[in-house]
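> Give me the fold of what follows.
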Amino acid sequence: MKIIRLEKREGLIRARLRGAAVAKGTVITYLDSHCECMEGWVEPLLDRIRHNSSTVVCPVIDVIDDNTFEYHYSKAFFTNVGGFDWSLQFVSSTVLAAGG
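This next block holds a predicted model:
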């Protein structure tokens, strides 16, 4: 891992683009500062990319209750709320199901 600091505040997207420009790996993963990863979270995502290198993947995001810190596990096989088209525009699952 390498930390890159911009000379001035540029915003989230420009910072991510700068990181992508200097990345040397075959897969880029962005994690926001509030994200916490469980053991084994990345392997299923990398497997999908290995089968199709043009795949863009996003993990199911579970919830940690901000009052009790209770972990609420999401059952990924029931989760289908949308996806991205090739211009990286989000499309809801109802539009995807209708074929549009």
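
> all strands of the chain, in order?
Per DSSP state E, the chain carries strands over the ranges 63-64, 71-72, 82-84, 90-92.

> Quick check, central residue of this structure?
The centre of the chain sits closest to C58, judged by Cα atoms, centre = their mean, with a distance of 3.9 Å.

> Setting aside sequence neighbours, what's the nearest residue to Y73?
Sequence neighbours aside, D62 is the residue nearest to Y73 in space, at 5.7 Å (criterion: Cβ to Cβ, 6 or more residues apart in numbering). In short, each C-beta sits where N, CA and C put it, glycine included.

> oh, I was asking about L88
The shortest distance from L88 to any non-neighbouring residue, by Cβ to Cβ, 6+ apart, is to V56 (7.5 Å).

> Ends of stretch 47-59, what's the gap?
Start-to-end span of stretch 47-59 (Cα to Cα, to the nearest Å) is 12 Å.

> measure the spatially closest residue to H72 that is not a sequence neighbour to E36 for me?
In space, and not counting its chain neighbours, H72 is closest to V63: 4.4 Å by Cβ to Cβ, 6+ apart. From V63 over to E36 the distance is 11 Å, taken as Cβ to Cβ, to the nearest Å.

> try D47
The gap separating D47 from E36 is 22 Å, by Cβ to Cβ.

> Ok, T55 next?
24 Å.

> again, but for E70
Going from E70 to E36 by Cβ to Cβ gives 14 Å.

> Now for the closest residue to I28 other than its chain neighbours, how many residues are close by?
Spatial nearest neighbour of I28, chain neighbours left out: A20 (5.7 Å); criterion: Cβ to Cβ, 6+ apart. By other Cβ atoms under 10 Å, 10 other residues sit near A20.
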